[in-house]
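# below are the sequence and a predicted model for it; my questions follow.
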Amino acid sequence: MERMKKRWENNELVCINRRPARTSFHHYSSIGEAMKYDSYRTNWQDNSFGMNKNRMSLNGQWRFLYLEAPEYSPENFSQVDFNDGNWDELAVPSCWQTKGYGKMHYTDVWYLFPINPPFVPSDNPTGIYRRTFHLDRDWMDSNIIIKFHGVDSAYDFWVNGNYCGYSKVSRLPGEFDISPYVREGENQITVRVYQWSDGTYLEDQDMWWYSGIYREVELLKEPKESIADCNVYGDLKNQYTDGIMKAKITLNQPMEGAQVVWNLYQEVGHTLKDVVSKTQQAPDRILEFDELVPNVASWTAETPNRYYLTLQLMVNGVLKDVIGIWFGFRKIEILDQNFTMNGKVILLNGVNYHDYDPVNGRTVDPRKVEEDIRLMKQYNINAVRCAHYPKNEYFYDLCDKYGLYVIDEADLETHGFEWIKHYRWLNEDLSWQAVYLDRIERMVQRDRNHPSILMWSLGNECDMGINFETAARRVKELDSTRLVHFESDMNADFTDVYSTMYTRLGRLEEIAAGEEKHGKPHVLCEYGHAMGNGPGTLSEYQKLFRKYKRLQGGFIWEWYDHGILKTKEDNTEIYLYGGDFGDKPNNGNFCIDGLLMPNRVPSPGLIEYKQVIAPVKTEALDLLNGQIRVTNQYDFLSLAHLELKWEIQKDDQIVAGGCIRELEVAPGASRIFQLKLPEYEREGNTDYYLNLIYCQKEDSLYAPKGHIVSKEQMLLESVKQEAEQASAAPAGDHSFDSVFREDPLKIEETKVSLTIYNKSMRVEFDKVRGRLLTYRVDGTTYICQGPRLNINRATIDNDMYKRSDWETQYFIQHTDEQLEAMEYAAEDDKVTVKINTHFSCWNQTWGFKCHYIYTIYANHTMKLDLKGDAFRYSSFAPEMLPRVGIEYRMPQEMDAVQWYGLGPGENYSDSREAAHMGVYQATVEEMHTDYVMPQENGHREQVRWVAVGDQAHSLLVVSKKPIGINVHDYTIEALEKAAHTDEIEKAGRTVVHLDAKHSGLGSNSCGQEQTYIHRAGINDFTMNLYFRVVTNDAIIGNSKMLTNLNGTKERAWRR
């Protein structure tokens, strides 16, 4: 007995009664209405649609019944008089899983049912929606169209008990003419939605599995005689100075005596400037014309100049229809093996973008989408890839308006077939070709008027096959003005660009220097996997993009962390991920991989990316005399809209400053500027930095006046002071000599301990373990445990492929430091304690021979010189360690931190372009970065001194050479154990890490490992540290004195 296909399992059924796809536009009753609505483009935020009386929103509360399968639907559920009084209410749009129906489930690759296309499980969660709507008399002389903007994954619907149609493809709209079924007054509509359909096999993207009517539903009032479609393309000619408007207008039927009156306007600020008006006869159903528009303002992501075309359909002198179309003049070409915009090679500084909301899933408030786009622009992003499906229509309007290059991607991914090593199963099956083409054609037909769209992408992670080859050719037939993209075409045989994802730096450089894949321009459609703490190495990628002609940029994966908000009983908010809903199998926190955290807070990764891709760069020429070279890395804009503010900084002070208001530098050009640096008083043991801040002169569409586009810092000079020239200790502290005479050091020794003390200080050592136990000054304990060698950190997501080896092969979480020898010697004003240890991990033959030399001075200063000699007694040893440094603990009331180093935010050796040298302050709590999945965080690099204390006093630590620091109120073990932020167990201590070397971040959760230069390892190291308790107002002064004692001063930082 053969299994019968249900409607939602019929891959050869594209739809029932759905209208052909068309470009997105609206019908108006008059030219005035079209101008009022479309000139501001804000009314889609309003369910009433503002001035447009030809649209009716069906958003709101619907009656809802959740079922385990469609077959359980009640009898006559689609009839008008069916009693749904005991049904629930559910908001439309929404995803039903976010409202408590069905099951939340996250996977990256796997289908949640056996692969048996086109069949889906018998247990097929189903939602039935019902509501009424009212139609006035003035709607009844028109065609009434219902538009579902997005339903996951397939649906049937009925109006007034009449079956109207069926559609699928979750992320594209479906329009249906329901004119025969509606009446004046009250009408009833029923929609039945299926979670699983044959279409689900083509929608296996890396995201939460959501279902329901999750995008808007609306009614459209379309005149009986109307414009059915309008394709407008703005081309360029004559060295890209003049425009050619190419229009193809399709009427919904042949009309005798038809004319189209068109008006072209240029958007200037918030007004529309009349450019040209004409009347065209329309004897046939299709009208095509070209119009030369001299001296146009062309569209680019940097100069998003838009034009507005209104079309009035007249039949025998009577106005029948009015529509409005936004478009832009621009030309995309392949020139000399590069893709170009308006004749210029462009570099894509992009990001991948999912629909996401931490409460509502894939139902996103349009205002939040606009905030996202404004934020992208503020962070210097110029391109967005629609990962991995078409977005709602207003998204493209906003990209046109604000200026973003777009890769529009079809709702097509079959990633689960890779898992079973049968990737091309459906791609080579001609019975599936129609549904492949349907997804791709409808995307092109809907979105082709948008100037922001640079490329059409056939899908994601599908491999190739005849169906995609056919689709690529079909896209070129529909639109030859744009590029075709498809990463799965790994030979670039059918695409215009060679696209790869997560390509390592070495391989990327090979691609850049070669001619493989037909020499086509290259883009990284995904790189810089922003999962957890990261990504690192972004600057290395950007250097390659700038160095090699063939490389035209890439797209960070991705914009958002897809965490699900949970508010606990105590109002604590946490974010959930795969597995937190009992969903098995799952891919855990692999969905927590964005530059924006779920609460819309920019991550350190986004802050870093902004500076890495900043469109202006500075080079020092003769810096002491103020000479710099400024390079404009915009493709089309001069720097005239920016001003350069400069500052001379020492420690925590700005000692001088100025501004260059006129910063005219042509795109791609460089210019030398002379800063008028004043004379200033130099102070010994002080670094002077030149801060260069490029900011907007005036408000822009996306950012206010003063918005910082880029901030760079250069070491201006490092003023040294020899130790013998140093002044006396800062005010409030005792000099060495006076303390020695008045309060000499004493020694107390037992079998297990060694104590060095005087009236104001007490330092105690454990002679069994060879470890400092406590450090007290004036009765207050400042160190209550440590220091001890540490090589571990709480695993970051980018360490995930090293974690197993670290934990189960090399046991780096199980360290053992064995005392080999300990001795001490007393001198006039100090006691020296020498400790030798053997440091390794369980069952290992590698590690460090450590030589600690503590020097305790009578004025309560303590110096630690630590030398680590690496050893390997066999080849079995890790190539990389998380860190090498020391850890000690302080009382928890010591929760105020100051440091001189890179800041203000966290930074790592391969992620510090956005960090600058300075003196910074934070609480211990503020040193923490709240990643959804707890992991190593809050590190600062290039630190010369750090002070941790209370409101009055701090323990100041000064290092001879730059170190890394972490200061937290939890241990590595507690951070490693916690799955969510509320599970981090507090240590009851302030835990301080000082690192000789801390490994970078990389993006190896999916992509590039930490490069060798950014790895800690089993290598010799030294640390030279001074510890001293000081009053908080004397921290900087004491740091300079202790710098003298630490020997010759080195430069604090080199980029």
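Arrived safely, thanks for sending.
# does anything pack onto the lengthiest strand in the chain? Which helices or strands?
Ranked by residue count, the top strand of the chain under DSSP state E comes out as strand 953-968. Packing partners of strand 953-968 (3 or more C-beta pairs under 8 Å, 6 or more residues apart in numbering; DSSP states H and E): strand 780-783, strand 883-891, strand 896-903, strand 940-949, strand 989-998, strand 1021-1031, helix 1035-1045. Every residue, glycine included, has its C-beta placed from N, CA and C.
# just checking: what are the partner strands of it?
Using DSSP bridges, the strands paired with strand 953-968 are strand 940-949 (antiparallel), strand 989-998 (antiparallel), strand 1021-1031 (antiparallel).
# and the angle for it with helix 1035-1045?
Going by axes from the mean of the first three to the mean of the last three C-alpha atoms, to 10 degrees, strand 953-968 is angled at 90 degrees with respect to helix 1035-1045.
# now strand 953-968 against strand 896-903, angle please.
Using the same axes, to 10 degrees, strand 953-968 lies at 60 degrees relative to strand 896-903.
# ok, then the element right after strand 953-968?
Per DSSP states H and E, strand 953-968 leads on to helix 972-977 as the next helix or strand towards the C-terminus.
# all helices of the protein, in order?
Using DSSP state H, the helices of the chain run over 31-38, 366-378, 393-402, 416-419, 433-447, 466-478, 505-513, 538-547, 604-612, 736-742, 800-808, 972-977, 1035-1045.
# picking up where we left off before, just send the strands paired with strand 953-968 back as TSV, with mean pLDDT too.
Below are these laid out as TSV (pLDDT from 0 to 100):
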stretch	mean pLDDT
strand 940-949	99
strand 989-998	99
strand 1021-1031	98
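# what's the most buried one of those strands?
Stretch with highest mean neighbour count among the strands paired with strand 953-968: strand 940-949 (a mean of 25; mean count of other C-beta atoms under 10 Å).
# distance from that one to the middle of the chain?
29 Å (C-alpha atoms, centre = their mean, to the nearest Å).
# from the centroid of this protein, which residue is nearest?
Among the residues of the chain, residue 595 comes closest to the average C-alpha position under C-alpha atoms, centre = their mean, at 2.5 Å.
# ok, now which ones touch the residue lying closest to residue 715 once chain neighbours are set aside?
Of all residues not flanking residue 715 in the chain, residue 689 sits nearest, at 5.9 Å (C-beta to C-beta, 6 or more residues apart in numbering). If a contact means C-beta atoms under 8 Å, 6 or more residues apart in numbering, then residue 689 has 648, 649, 650, 713, 714, 715, 716, 916, 917, 918 as its contacts.
# dig out what residue 689 forms beta bridges with.
residue 649, residue 715.
# just use 53 as the starting number from now, easier for me
Sure, I'll start counting at 53 from here, so that last one is residue 741.
# what about residue 1012, how many residues nearby?
Using other C-beta atoms under 10 Å, the number of residues around residue 1012 comes to 21.
# how close does it sit to residue 1089?
Per C-beta to C-beta, to the nearest Å, residue 1012 is found 18 Å from residue 1089.
# cool, and residue 1039?
Residue 1039 sits at a distance of 31 Å from residue 1089 (criterion: C-beta to C-beta).
# avg pLDDT for stretch 912-919?
What stretch 912-919 shows for mean pLDDT is 97.
# can you put the helices and strands packed on strand 1005-1020 in TSV and add distance to residue 465?
Below are the helices and strands packed on strand 1005-1020 laid out as TSV (distance: least, C-beta to C-beta, whole Å):
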stretch	distance to residue 465
strand 832-835	55
strand 935-943	38
strand 948-955	40
strand 992-1001	39
strand 1041-1050	38
strand 1073-1083	47
helix 1087-1097	55
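# among the ones you listed, which comes closest to residue 237?
strand 948-955 (66.5 Å; C-beta to C-beta).
# what strands flank the closest one, and is each parallel or antiparallel?
Paired with strand 948-955 in the same sheet, following DSSP bridges, are strand 968-975 (antiparallel), strand 992-1001 (antiparallel).
# what's near enough to touch residue 463?
Contacts for residue 463 (C-beta under 8 Å, 6+ apart) come out as 221, 222, 223, 224, 254, 255, 440, 441, 442, 491, 495, 511.
# quick revisit: now render the strands paired with strand 1005-1020 as JSON lines, adding distance to residue 472.
Conversion of these to JSON lines gives the following (distance: least, C-beta to C-beta, whole Å):
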{"stretch": "strand 992-1001", "distance to residue 472": "45"}
{"stretch": "strand 1041-1050", "distance to residue 472": "41"}
{"stretch": "strand 1073-1083", "distance to residue 472": "48"}
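# residue ranges in the chain under the pLDDT threshold?
The model of the chain has pLDDT under 70 over residues 89-103, 774-793, 1098-1107.
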